[in-house]
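# got a sequence here, can you model it:
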Amino acid sequence: MTTSSSEQGVSLGMPQLPAPAYPDDVRARLEADGREIIARYPDSRSALLPLLHLVQAEEGHVTRTGQQFCADLLELTTAEVAAVATFYTMYRRRPSGDYQVGVCTNTLCAVMGGDAIFESLQEHLGVGNGETTDDGKVTLEHIECNAACDFAPVVMVNWEFFDNQTPASARRLVDDLRTGAPVEPTRGAPMCTFKETARILAGFPDERPGAVEASGGAGPASLVGLRLARGETAPARVVHPRGSGAPQDQSTAEHLSSHDAPQDTSASDPAHPAGPVAEEGE
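Okay, the predicted model is just below:
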């Protein structure tokens, strides 16, 4: 004797309806941009990643409508598009904030205070991992290595670096993002919204004045090993706390954002020390 799914207490639910289409004017604009992207590749399927950034720039995350658009343009199934969109964490699957604030909690950043920063921001913003503040400004997440271990602990906002953070400096950073106060990364281009960042990642020019010139690469600390490998002697350098009035050698001085913490990192915030709270075995 067999029992039905209803008798077993299992609800199969209604099948999901097709994704709603973009309005005609939006689809026409996105299709023109999408054709431009596809033309860059000998195999149209290779354009899927930037196309997903394109639709993310439209709505702030990759919706079912965006996935259907990509599938139609590339003559793929929505399953093929969804498999890619759900594989990469850079594609958001639900609405998110204007600023994606990622706190590195990988090994070195965690040891230097990244876990304390993340815990502090959760409490300060009243959100959990992957959640967005009520005003729609900030989405907080813990992320794996930012490839900036020389500047640990590191926070990224829309993929721009904020180095040598503390819980206090990170709280000030998110407060400024929410109020619209000027925020300048440690390295890289000036801040823009997540949607604007997504369009740049889709391969379209960054048209903000001075943004391209401001884009930076690795900081001086990251290049020391390269200089030594080349047989160059790295000059001695002393970084003085900001506001100390001490002179700094401009030839080797690294750019510091006004939102960077002093170089002591987490140790400069006694209320949030890094490291274990007890000896092993206690």
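# centre of the chain to stretch 142-151, how far?
11 Å (Cα atoms, centre = their mean, to the nearest Å).
# and stretch 83-91, by the same measure?
So, by Cα atoms, centre = their mean, the centroid of stretch 83-91 is 14 Å from its chain's centroid.
# which of the residues in that stretch are buried?
Applying a neighbour-count criterion of 16 or more other Cβ atoms under 10 Å, the buried positions in stretch 83-91 are 84-85, 91. Any C-beta I mention is one placed from the backbone N, CA and C, and that applies to glycine too.
# so Leu173 is in contact with Thr186, correct?
No. In terms of Cβ atoms under 8 Å, Leu173 does not count as a neighbour of Thr186; the distance is 10.9 Å.
# which neighbours do those two have in common?
Any residue near both Leu173 and Thr186 by Cβ atoms under 8 Å, 6 or more residues apart in numbering counts here, and that gives 162, 259.
# circling back to that earlier point, just the ones of the buried residues of stretch 83-91 in helices?
Members of the buried residues of stretch 83-91 lying in helices (criterion: DSSP state H): 84-85.
# can you map out the helices along the stretch 101-250 of the chain?
Along the stretch 101-250 of the chain, the segments classed as helices by DSSP state H, counting those that start in this stretch run 107-111, 114-125, 167-179, 194-201, 211-214, 220-229.
# look up the closest residue to Asp176, ignoring the ones flanking it.
Val183 (5.1 Å; Cβ to Cβ, 6 or more residues apart in numbering).
# contacts only, for that neighbour.
Contacts for Val183 were tallied using Cβ under 8 Å, 6+ apart; they are 157, 173, 176-177, 191, 259.
# most neighbours of all those, which one?
Taking other Cβ atoms under 10 Å to define a neighbour, the member of the contacts of Val183 with the most is Leu173, carrying 25 neighbours.
# list the contacts of that one.
Taking Cβ under 8 Å, 6+ apart, one finds 101, 155, 157, 162, 165, 183, 259 in contact with Leu173.
# those: which two are farthest apart?
Within the contacts of Leu173, two members stand farthest from each other by Cβ to Cβ: Gln165 and Val183, at 13.2 Å.
# quick one: which of the helices of the stretch 101-250 of the chain is nearest Cys145?
Shortest separation from Cys145 across these is recorded for helix 107-111, at 7.9 Å, computed as Cβ to Cβ.
# quick check: buried residues in that closest one?
By neighbour count on 16+ other Cβ under 10 Å, the buried set for helix 107-111 is 108-110.
# tell me the one of these nearest Ala71?
Ranked by distance to Ala71 (Cβ to Cβ), the buried residues of helix 107-111 are led by Cys109 at 37.7 Å.
# that closest one touches Pro153, doesn't it?
Yes. With contact defined as Cβ under 8 Å, Cys109 counts as touching Pro153 (4.2 Å).
# list residues touching both of the two?
Val103.
# related to what we said a few turns ago, okay if I get the helices of the stretch 101-250 of the chain as TSV plus mean pLDDT and distance to Pro20?
Formatted as TSV, the entries for the helices of the stretch 101-250 of the chain read as follows, by pLDDT from 0 to 100; distance: least, Cβ to Cβ, whole Å:
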stretch	mean pLDDT	distance to Pro20
helix 107-111	88	41
helix 114-125	95	32
helix 167-179	95	31
helix 194-201	93	20
helix 211-214	70	34
helix 220-229	80	46
